[in-house]
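In: please work out how this folds:
(one chain, ligands or ions: 1)
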Amino acid sequence: MADLPWYVGYFSGKHWLRNIDYSIDDIFKVLEAARDLKQKFHMGAETPYLKGKTLYLIFYNKSLRTRNSFQTGIYQLGGQGIFISPDQVYAPTLPEDMVPYQTEAIRDVARVLSRYGDGIAIRIYGKPAKWIIGRGHRIIEEFAKWSSVPVLNMEDDLYHPFQALADAQAALEALGWPRDLRGKKFVVSYAYSGGLKPLAVPQSVALMAAMLGADVYIAHPPGFELLDPIINQVKQYTEHWGAEFKITHDMDEAFEGATFVYPKAWSPKAFFPPFSSDGKVHEAEAKEYQAKFKDWIVTMERLEKAGKPFYMHCGPADRGQEVTDEVLDSYEKSLYFEEAENRLHVQKAVMAMTMARFIR
Ligand code: CP
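Out: Model (predicted):
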């Protein structure tokens, strides 16, 4: 096809497991592609760049946004998305957990699906990854090792790359699409939830804000530290841009004068392997510990006191815990639904870039 846009096949055949596997320049290219696809979507223009292609979507966890934006996105690109529940197939499994005729080795599943289709997307964290932090990511790496078609990370226990790309697009749009986020204070903050949420979003968003040049502030109560390698990488990106980087235990101090605040829940890692002192999973104790921090909630007053930053959250937000109804329903600088919409556009961008099988 002579009239394909520049980005179709730009990363032909590559996996997308973490944004940090790509350069800052590459990330801006994805965002430019997503911007083009969003404009075309809103104009009603057709974008059949992956005609006849198939993406397999393996969900070990629930999803509204990710599942529907991927399935809708591949359809809008002229292809199809096939949903796979691990309950309905021989569950794709690492070698140490194989059960005869109940599971199937990931190395075999990846090679079989590679014979049929053009991409494999996976979501796995929490219970299906045995609550072992990093195991979900290892499972996705195992798919990538054996697949001969692109593997896309739909969220594991360490990274949620497409969420961070969608958030980056929303942040740039909110400011009228500047070249980067230099000089803008971007706060990734803990907010209370009664549920146990993974580290993937705060880690990926902090990395993305730093990749785009923002001054990055991370706020959380003691015990909610992000993983050291992530913090080190955030530092490296902020040093690259000459931007600020700070960790604080005070939500209001962090919010003060921010351009963007991204308050959401994640779980305290000391209650889960490999960080728990006895190597065991302590779900109840983690929830009990989290409950000490119910005052880490985003309210209208808090946002007004901070100077009315843009409010961001990946969704689903826990109303009455992470954020009040009032903020979600009527705060004029909320990007909540823009972020959700942008999942469609960034994922279409990456699918078009990776799943088109030709060398440009
Ligand atoms: N943000 C996000 O990944 O949402 P879902 O869990 O609904 O997919």
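In: and for the residue of the stretch 201-350 of the chain found nearest the ligand, the neighbour number?
Out: Residue nearest to the ligand within the stretch 201-350 of the chain: C314 (3.9 Å; CB to the nearest ligand atom). Yep, even glycine has a C-beta here, placed from its N, CA and C like the rest. Applying other CB atoms under 10 Å, we find 25 residues neighbouring C314.
In: is it true that it touches E339?
Out: Yes - under the criterion of CB atoms under 8 Å, C314 makes contact with E339 at 6.5 Å.
In: so what sits against both of those two?
Out: Applying CB atoms under 8 Å, 6 or more residues apart in numbering, one finds that C314 and E339 are jointly contacted by Q163, D167.
In: contact partners for the most centrally placed residue in the chain?
Out: Ranked by distance to the mean C-alpha position of the chain (CA atoms, centre = their mean), the top residue is H160 at 2.4 Å. H160 makes contact with N153, A200, V201, S204, C314 under the criterion CB under 8 Å, 6+ apart.
In: dump the residue contacts of the second one.
Out: So that's A200. Residues in contact with A200, defined by CB under 8 Å, 6+ apart, are Y125, E155, D156, D157, L158, Y159, H160, Q163.
In: the fourth one contacts P128, doesn't it?
Out: No - checked against CB under 8 Å, the pair D157 and P128 is beyond contact range at 10.0 Å.
In: neighbour count winner among these two?
Out: The neighbour count for D157 versus P128, taken as other CB under 10 Å, is higher for D157 (26 against 17).
In: what about E326, neighbour count?
Out: For E326, the count of nearby residues is 14 (other CB under 10 Å).
In: oh, I was asking about T54
Out: T54: 18 neighbours (other CB under 10 Å).
In: name all residues that make contact with V327.
Out: By CB under 8 Å, 6+ apart, the contact list for V327 reads V298, T299, M300, L303, Y311, S334.
In: go again with 6 Å.
Out: Contact analysis of V327 by CB atoms under 6 Å, 6 or more residues apart in numbering lists V298, M300.
In: can you confirm K14 is in a helix?
Out: No - looking at K14 with DSSP: H, G, I helix; E, B strand; the rest coil, it is coil, so not inside a helix.
In: right, and it touches M355 too?
Out: No - the pair K14 and M355 fails to qualify as a contact (CB atoms under 6 Å) at a distance of 9.7 Å.
In: between those two, point out the one with more neighbours.
Out: Counted by other CB under 10 Å, K14 and M355 do not tie: M355 has more neighbours, with 27 against 17.
In: quick one: D156 and T259, what's the gap?
Out: Distance of D156 to T259, computed by CB to CB, to the nearest Å: 29 Å.
In: what residues does the stretch 51-200 of the chain have near the ligand?
Out: Residues of the stretch 51-200 of the chain lying close to the ligand by CB under 6 Å from any ligand atom are S63, L64, R65, T66, E155, Q163.
In: which residues sit in contact with the third one?
Out: R65 is in contact with G315, A340, R343, counting by CB under 6 Å, 6+ apart.
In: alright, calling it a day.
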